[in-house]
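**Student:** quick one, fold the following:
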Amino acid sequence: MRQSVWRKSILSFAVAAFFLLASPAIAIGAIRVSSENGVDAVMLADVQRTALLFNQVLQEDMKLELTRDVNVILCSNRENYAAVLQREFKMKPDKAAREAALTGGMSSDRLQIVALNGGSTIMRSAQGRASDAGHELFHQLQAQLANGKNGKAMNWLKEGTADVIGARIAERSGYQSMEKWKLDRINTLRNAPNHAAAAELLHSNLDKWATMVEQKKYPYQMSDLMVFYLLRQQPGSKGYEAIAEYFRLVGNLNDGDKAFEQAFNVSINQFLSDFEAWFVNTTHNEAQVEVIAQTGVLPDAAADIENGSDLSRKFFKEKWGMDLRSSQRIVLTADKNAYAAALGKEFGLNPADAGQKAKNSFWSWAGSTTVLELGTLATRKQRLFITALTMVQRFQAQTAAQQTLAKMNWLNAGSAAGVAAQIVELSGVSNLEKDKAACLNALRKAANVPELTELQTPQAWSVAVGKYGSAVVNNTAELAALHLMESYGVESIYAWFKAVKELGDAEAAFTKVYGMTSAQFSTVFHGSLTAQLQKK
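**Tutor:** Numbers count the residues shown, from 1 in each chain. Predicted coordinates for the structure are as follows:
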């Protein structure tokens, strides 16, 4: 139920398939995509492509197709989406506002309308648009199969199967694999402090489901894994066909539990017991880091990345008594072109956005995956440092919310770099004192050095980079973090991460750990830094 919206507007695109595998007696449904004013043309094109692909995927995986006509309305932003929900879905304003805040789309079985929220997070990437549109269109298929009685289906199974089909369509569109999709969900639930239990979802109604979304209990992610596990239990490649059979049986039996038992050949209680055992085992297994070297990556370079990952985890365990909780994939590319292609596939970016990102970076991470462009990382030290840096950032993210850590961005970024430098020292290819000396020498050549107060937030950091240069800003933040580690121990950095999570306030956490305000520390640090810069 990631719902969507529709209305006649300036741009209209009719997507219909009149052939394929259906018998002449059954017309394949027409999926008509229209857009509200202000919709981005690239977003519209991505949704249109998904509409074209939808029946093809259904035919290959389920041996069926959508036979009802569906109107898909693409909205420009959250407010526009809420307005469409009121106009087309006849929702009251308060309900439309709630749905607009929670959902990326909505499907009306009776009206045969899908509305997509162009202002939602999921619609920001090409991959997200493919999965979101596929999700909502699959709700239409559910209604078709159940003869309009899909309200009797279990909600987790409706939402989970729609998510799975959405992910399948995204994969077929050239984006992330289903395995990565699964890994992202496992990692999300591993790190969630209070996620929904499978038993809570089993017979949850729509209102309870929405409440769980509001409470950040991740009902979608849990239902996705429940469906993923269910598909694995089906013989051969019959899992998707069993999903279709479930919704047919819901229409015939008017009972979601009985339909489940007949379609999947297991009672709902037995499935729940089996899934919970699998889930506990999966989430309690030690995190794995998979290094994937693409064509052209030299074996020695790949070995450096693996070594950097191992050294990072060793550091976390020995210094902080904690390991990474989430399994990771590190994709290695040999040059800018391969890097751009990997960014598009792994992060769901269209070619233009992937190319621009590749032009301005040589590494990026999101979800469970990091992509590195090794052509820019010419030395072993560079490869080890970047690997360690990304691993520390992942450790930060699993300990406290990144947006809260970033409220003291100089320490958030500086600690990642400072700890990464210490991890590289473990490899024997670098010396921390020499690295510090190099930072100081770089700052001596600078006209001015920023105050820590100028690096407090990501926005302020960006302004400072424009004023002083990225090297000066990065070196200043790293030296500030190293000053804290030398004075209070590297353990204090982890203590700050944990205090940020506990208090929800980066400044209050700093005072709790270090016994002074960040402004007071800034005075101490800059006095020390000035003295060091004056030395030759």
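
**Student:** which parts of the stretch 151-300 of the chain are helices?
**Tutor:** Using DSSP state H, counting those that start in this stretch, the helices found in the stretch 151-300 of the chain span residues 155-172, 178-191, 198-201, 206-214, 219-232, 239-253, 256-264, 268-284, 299-320.

**Student:** packing partners for whatever helix or strand comes next after the last one?
**Tutor:** Right, the one you point to is helix 299-320. For helix 299-320, the succeeding helix or strand toward the C-terminus, using DSSP states H and E, is strand 328-333. Judged by 3 or more Cβ pairs under 8 Å, 6 or more residues apart in numbering; DSSP states H and E, strand 328-333 is in contact with strand 289-293, helix 299-320, helix 336-347, strand 369-373, helix 380-399. Just so you know, the C-beta spots here come from the backbone N, C-alpha and C atoms, and that holds for glycine as well.

**Student:** can you list these in TSV and add mean pLDDT and distance to Ser326?
**Tutor:** Listed next are the helices and strands packed on strand 328-333 as TSV, based on pLDDT from 0 to 100; distance: least, Cβ to Cβ, whole Å:
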stretch	mean pLDDT	distance to Ser326
strand 289-293	95	10
helix 299-320	96	12
helix 336-347	94	16
strand 369-373	95	11
helix 380-399	95	6
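
**Student:** turn those into JSON lines, including mean neighbour count and distance to Leu225.
**Tutor:** Shown next, in JSON lines, are those (neighbours: other Cβ atoms under 10 Å; distance: least, Cβ to Cβ, whole Å):
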{"stretch": "strand 289-293", "mean neighbour count": "18", "distance to Leu225": "19"}
{"stretch": "helix 299-320", "mean neighbour count": "18", "distance to Leu225": "25"}
{"stretch": "helix 336-347", "mean neighbour count": "21", "distance to Leu225": "20"}
{"stretch": "strand 369-373", "mean neighbour count": "24", "distance to Leu225": "18"}
{"stretch": "helix 380-399", "mean neighbour count": "22", "distance to Leu225": "19"}
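
**Student:** quick revisit: most packed of the helices of the stretch 151-300 of the chain?
**Tutor:** helix 155-172 (a mean of 25; mean count of other Cβ atoms under 10 Å).

**Student:** by contact count, what packs against that one?
**Tutor:** Secondary-structure packing of helix 155-172 (3+ Cβ pairs under 8 Å, 6+ apart): helix 41-62, helix 126-145, helix 178-191, helix 206-214, helix 219-232, helix 239-253.

**Student:** could you redo the last one with a cut-off of 7 Å?
**Tutor:** On a contact count with 3 or more Cβ pairs under 7 Å, 6 or more residues apart in numbering; DSSP states H and E, helix 155-172 meets helix 41-62, helix 126-145, helix 178-191, helix 219-232.

**Student:** average pLDDT for it?
**Tutor:** Taken as a whole, helix 155-172 has an average pLDDT of 96.

**Student:** who are the contact partners of Gln456?
**Tutor:** Gln456 makes contact with 408-410, according to Cβ atoms under 7 Å, 6 or more residues apart in numbering.

**Student:** quick check, nearest of those to Val419?
**Tutor:** Trp410 (14.4 Å; Cβ to Cβ).

**Student:** distance to Ser204 for the helices and strands packed on helix 155-172 - can I get that in TSV?
**Tutor:** Output for these, formatted as TSV (distance: least, Cβ to Cβ, whole Å):
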stretch	distance to Ser204
helix 41-62	25
helix 126-145	17
helix 178-191	17
helix 219-232	7
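
**Student:** nearest residue to the residue nearest in space to the middle of the chain in space, ignoring adjacent ones along the chain?
**Tutor:** In the chain, the residue lying closest to the centroid (Cα atoms, centre = their mean) is Gly367, at 4.2 Å. In space, Gly367 comes closest to Asp184 once its chain neighbours are excluded; the distance is 4.4 Å by Cβ to Cβ, 6 or more residues apart in numbering.

**Student:** check His135 too.
**Tutor:** Among residues not flanking His135 along the chain, Gly166 sits closest, at 3.7 Å (Cβ to Cβ, 6+ apart).

**Student:** in the stretch 1-150 of the chain, where is pLDDT below threshold?
**Tutor:** Across the stretch 1-150 of the chain, the ranges flagged by pLDDT under 70 are 1-28.

**Student:** and the stretch 351-500 of the chain, by the same measure?
**Tutor:** For the stretch 351-500 of the chain, counting by pLDDT under 70, not a single residue falls below.

**Student:** burial measure for Ala401, as a count.
**Tutor:** Number of residues near Ala401 (other Cβ atoms under 10 Å) recorded here: 13.

**Student:** residues in contact with it?
**Tutor:** For Ala401, the contact set (Cβ under 7 Å, 6+ apart) is empty.

**Student:** now with 10 Å, please.
**Tutor:** 407, 500-501, 504 (Cβ atoms under 10 Å, 6 or more residues apart in numbering).

**Student:** most neighbours among those, which one?
**Tutor:** Of all the contacts of Ala401, Val500 has the most neighbours under the rule other Cβ under 10 Å, reaching 27 neighbours.

**Student:** just checking, that one is part of a helix?
**Tutor:** Yes - counting by DSSP: H, G, I helix; E, B strand; the rest coil, Val500 is part of a helix.

**Student:** isn't it up against Lys407?
**Tutor:** Yes - Val500 sits in contact with Lys407 when judged by Cβ atoms under 10 Å, with a separation of 8.4 Å.

**Student:** overlap in contacts, the two.
**Tutor:** Joint contacts of Val500 and Lys407 (Cβ under 10 Å, 6+ apart) are 401, 506-507, 509-510.

**Student:** show me which of those are buried.
**Tutor:** 506, 509-510 (16 or more other Cβ atoms under 10 Å).

**Student:** looking at the residues you listed, which are in helices?
**Tutor:** Those of these mapping onto helices are 506, 509-510, per DSSP state H.
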